[in-house]
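Asker: Sequence first, predicted model second:
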Amino acid sequence: MSSSRLAATPVAAADTAPPAGGPLPRRRRRVDLLPYLLVAPLAIFIIGLALVPAGFTVIESFFRVDDVDPPTRFIGLGNFHRLLTDPTVQTAAVNTLVYVLIGVALSTVLGIVMAVTLQHKFLGRSVLIAILILPWALPGVVEGIVWSGIWDANTGLLNSVLSSLHLIDHYHVFLGQHRLLTIALIELVQVWQITPLSALLVLASLQNIPGDLYEAARLDGCSAWAAFRRVTLPLARPGIAVAMVQAVIATLNVFDQPFVLNGAARTASSVMVQTYFISFQNLDFGEGYALSLLITLVTLVLSYGVVKAVYRPVEF
Amino acid sequence: MPSIRQGARRAGAVATLACLALLGAACSSGTKVSTATTGVTINVTLAIPAPPKASLAAFTKATGITVNWTNIDWDSLQTKIAAASTAKTYFADATDVDWSRVGQLGKLGWFYPMENYLDTKSLTADMPQLSSFTTGGHVVGIPYDASFLVTTVNKQQFGKAGIAAMPTTIDQYTQDLKQIKAKGVVQYPLDIPFAAAEGLSTYWYQTTAAFGGSILDPQGKPQFTSPSSAGYRAAQWMITALQQGLVPPGNINVTDSQGQQSLMAHGQVASVFGDYSGNVGSLYDVPSSSTVANQVTYLATPGISGPGPNLSNPDGVGIPRTAKYPAAAAKFIQWFTSAANQADFAGLNGPAKALSSYNMPSRLTAVSELNSKGNLIGGSQLATILKSSARPVFPGGAPPWYPQFSNAVYTNLHSAATGSQSVASAMKAIAATANQLANGG
Amino acid sequence: MTTRTHRRIRARWFGVAFILLWSLVPIYWTINTSLQTEAQAGSKPAHYVPPTPTMKNYTSLLGGSGGIPSQIRQSALNIVIECCAATIVTVVLSTLAAYAFARMSFRGRNVLFYAVLATMAFPAYTTLIPLYRIMSDFGLVNTYTGIVLVYVSGFLPLATWIMHNYMTGLPLAIEEAGLVDGASRMQILRYVMLPLALPGIISTAIITFLFSWTQFLFPLVLSTDLSTEPLTVVVQALQGQHIVPTTLLSAAGVIAIVVPAVIGLTLNRYIVNGLLAGSVK
């Protein structure tokens, strides 16, 4: 849900230096209270409403927390064992892997295409950037309405366009029939939402590339494509890495889109959708906590891997 | 161990309190239970629209209880009930009790026993479906709507295909549908909601009943594993109908399940096998939402060798343990489910007093009153079906693990419908889930 | 040489066309549907422009005194109140904390800073039930305060990160001059840092506001009736009710996106700067 969007950017933090040291001279030797006063409200919020609830989640993932099966009791790794042997969770894990692969690849490629389009100044560029970020700003609830109008089997735009072009002879059911197609179309909706941020992140990297590098490439007789491959791509790596990390986080936690467009069907159910059903339908909160803990761990590991593989510090 | 966790929660609570003080926010009162029944405002949250303002105003005038009505979709409402009850916090004084959740709710103790507030014993005779809301000797909720599953057919389309006599057996019914398709009256004559949702489970229960069997025995053992069992044959019939092009392929998709009845209302299908009683009057005969007004009629569900049973699918209302005004809520429920009100809601005294999307009174007296005045569309058929053949899905009551079981039913049937597994393996998987749940795993 | 430039320009126009189609077609389609009657929306092939544009869906959602119009109006008011309150609190608290993180050294600074950022990696579902319990312990379920507190706790980390990055990018010289002149650090924050950091503050405010506007699951659980339910929850409930025509649903969707769309189109410069300050460093 929102968290995936909230978490859209911060992993970059793991890669940056600690906050800049306090350059202002302290005038007294006594304990300086002011910084503590300034951060206290933030600390209270984060501890009380984020870390403490998260702590419950970690602790209770080792408990049987199920109002249908009281009392709450310690069961060690029992929840994790049940999850890993549950075929519906396994299917959802495979589906989620496909969501991640499609989503990260597509949002990165499209993000690069959009960023390259916007790299140099031209008339109307700022208007185009405004239009670019529009899908990112819209509520997920409305996205479901927007995209079901396009995929719909009876009145959808896609069916109408394809049959007007005589590419199909009758209206098709796009969602729910074929597993890979269903996942791809649902993921496209999420890509629609997350690509603007990817494009902006890559664009920021591109703006740092000095123009004379392209000039030099041209003098060497490089084609535009060669210049893109030899200059643009390598130098945009920091931006691409961050864009891919935000895409990894968003796609691993994909919930809104499959929940609205696919419901409970196993065809395209994601791990987050399973977490929802385990917690709120089966009321097995311990297992739900365990599954979200697993997702968090996978997110951290995968994000770290992407940064290691893609990120290269760039010096000009 | 729980005490440690409670301690941690207290620590978090203290931190939160501090930040509240910082913001200057005042803490309002927590959940306080009051037995007051006058001069109070109660929150009623159900998955149906509010009754007409005038009738709620009349209730307020008579009792001094003001009703604040919230209409929220069924799935979101179940999430709210679960979240509030788990966190032991107030969210409404009266809310939805679905028949399928009765077993689970009975075990959880999330609702007050209604027999403490109403004379449920004397209600039983007039409210046959009360038994579906009784578990472990306690009444969890009071049925306010006695809808049950029934077959609906578009007589005009059947007529166009040259079918004069309505089918009474499944074989005849299937044959007729094929004929409607063959004659080109409609491309996909049969409506089955194949989306992976509760509606698919319900449809399979009804089809299984029509094939002369049941889903679970009273001990909760699955009855559908053998290929000759009713449940197995019902699933096979549903999947085959889809494969043979009798069912619109779009029904596989969740977004279309919301419109499953609208297919019928727009004349795109000729029949719904497991439709909801009341739909003819509340939907198909309403010109603003339907193009088939006066063409659709109820049909006693075709069975193996004649009309089969119809499963009841009632909606109930109960008082959550976290309610602030349980006694006032009980007064409201008593009023809401009274025979006079039910007749009003069903349209006995004109549309101004009717409750939209209200299907079928749960009181026999209200049904027969409606029927005698001829105000219930298809009423005589419905009254007959209700008395003679409507029966609960699970004679022993819904098991506590019903929601998980139903999830296994609709996800497996759905994947069989998309061709990713056979009917045999779907039945096997559903049975495995049922056995595992029944054994407390 | 010229053919190459031509080709590059052609490639750019291809890119421009792609961005326009990609972003606008789905939204256009929803608006298009919302301006049609149910029968028109169901036609095959579909109408690519409304044949007889009608505002009927909008008037039946917004006008009148029926159940749905009053729900839409009340929930629109709720969402504005909740988003504004969450934005104000988030911006104030994150600015104060970011100033300390960026310009002062104190014990536990790095631990706290990383703890704040780490909370962003946790999926929202994990904390929903514990948060709900804490809120109900204080009787804050179904209050504006409760919803705003949860929003603030969710958005503070990103806001603090953006503000911190913005402030560390500001030159030190002016502050040092102020200190030499004997100004207190709070005076420096008030009269030196705040004016300089204003663009960063605006960015943080807009991003927080937009994030608050998109919330669904938390308000679904935390608000129990129309007194606090935001527009997104009401629109989703419409979607869940049977037989709400797609035309009406599309109109409801358009109503729910007007505010974020206008903000996105007019204030995009701040959004871009804020998001970039919050990510690439």
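Answerer: Received the coordinates, thanks. Given the structure is predicted, the values throughout are model-derived calculations rather than measurements.

Asker: Look up phi and psi at B:Y144.
Answerer: When read as degrees, to the nearest 10, the backbone of B:Y144 gives phi -110, psi -10.

Asker: Just the pLDDT for it.
Answerer: Here, the pLDDT recorded for B:Y144 equals 92.

Asker: Please report how far it lies from B:Q334.
Answerer: 11 Å (C-beta to C-beta, to the nearest Å). No exception for glycine: its C-beta is placed from N, CA and C like everyone else's.

Asker: B:G281 now?
Answerer: 26 Å.

Asker: neighbour count winner among those two?
Answerer: Neighbour count, other C-beta atoms under 10 Å in any protein chain shown: between B:G281 and B:Q334, B:G281 has more, with 22 against 17.

Asker: mind checking pLDDT for the more buried one?
Answerer: 77.

Asker: what's the nearest residue to A:V100 once chain neighbours are set aside in contact with, if anything?
Answerer: Nearest non-adjacent residue to A:V100, counting by C-beta to C-beta, 6 or more residues apart in numbering or on different chains: A:T251, 4.4 Å away. Contact partners of A:T251, counting by C-beta atoms under 8 Å, 6 or more residues apart in numbering or on different chains, are A:96, A:99-100, A:103-104, A:187, A:190, A:194.

Asker: Could you confirm A:T251 falls within a helix?
Answerer: Yes - according to DSSP: H, G, I helix; E, B strand; the rest coil, A:T251 belongs to a helix.

Asker: ok, so of the contacts of A:T251, who is nearest C:V259?
Answerer: A:I194 (21.1 Å; C-beta to C-beta).

Asker: three-state assignment of that closest one?
Answerer: Per three-state DSSP, A:I194 ends up helix.

Asker: Check whether it really touches A:W136, as I assumed.
Answerer: Yes - with contacts counted by C-beta atoms under 8 Å, A:I194 reaches A:W136, the gap being 7.4 Å.

Asker: More neighbours: these two, which one.
Answerer: More neighbours surround A:I194 than the other of A:I194 and A:W136, with 27 against 24 (other C-beta under 10 Å).

Asker: Identify the residues contacting that one.
Answerer: By C-beta under 8 Å, 6+ apart, the neighbours of A:I194 are A:8, A:103, A:107, A:136, A:246-247, A:250-251.

Asker: how near is it to chain C?
Answerer: 12 Å (C-beta to the nearest C-beta, to the nearest Å).

Asker: How confident was the prediction at that residue?
Answerer: If you check A:I194, the pLDDT there is 93.

Asker: Give me the most central residue, chain A.
Answerer: Central residue check for chain A by C-alpha atoms, centre = their mean: the C-alpha nearest the mean position is that of A:A250, 1.7 Å away.

Asker: Just the closest residue of the stretch 1-150 of chain B to chain C, please.
Answerer: Closest contact between the stretch 1-150 of chain B and chain C, by C-beta to the nearest C-beta, is at B:D73 (2.6 Å).

Asker: Would you agree that residue is in contact with C:V233?
Answerer: No - here B:D73 does not reach C:V233: they are 10.2 Å apart, not a contact under C-beta under 8 Å.

Asker: Pick out whichever of those two has more residues nearby.
Answerer: Ranked by neighbour count (other C-beta under 10 Å), B:D73 and C:V233 place C:V233 first, with 27 against 17.

Asker: contacts for the helix or strand hosting the more buried one?
Answerer: If you go by DSSP states H and E, C:V233 is part of helix C:231-240. Contact partners of helix C:231-240, identified using C-beta under 8 Å, 6+ apart, comprise A:139, A:141-142, A:144-145, B:71-76, B:258, C:68, C:71-72, C:75-76, C:78-79, C:213-216, C:219-220, C:223, C:226, C:244, C:248-249, C:252-253, C:255-256.

Asker: Return the subset of these lying in helices.
Answerer: Mapping the contacts of helix C:231-240 onto helices (DSSP state H) picks out A:141-142, A:144-145, B:74-76, C:68, C:71-72, C:75-76, C:78-79, C:213-214, C:219-220, C:248-249, C:252-253, C:255-256.

Asker: one step back: any chance of the contacts of A:T251 in a markdown table, plus distance to B:G64 and secondary structure?
Answerer: As requested, those are arranged in a markdown table below (distance: C-beta to C-beta, whole Å; DSSP: H, G, I helix; E, B strand; the rest coil):
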| residue | distance to B:G64 | secondary structure |
| --- | --- | --- |
| A:T96 | 54 | helix |
| A:Y99 | 55 | helix |
| A:V100 | 58 | helix |
| A:G103 | 57 | helix |
| A:V104 | 61 | helix |
| A:E187 | 55 | helix |
| A:Q190 | 52 | helix |
| A:I194 | 54 | helix |
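
Asker: show me the contacts for A:V39.
Answerer: By C-beta under 8 Å, 6+ apart, A:V39 lies in contact with C:96-97, C:100-101, C:112.
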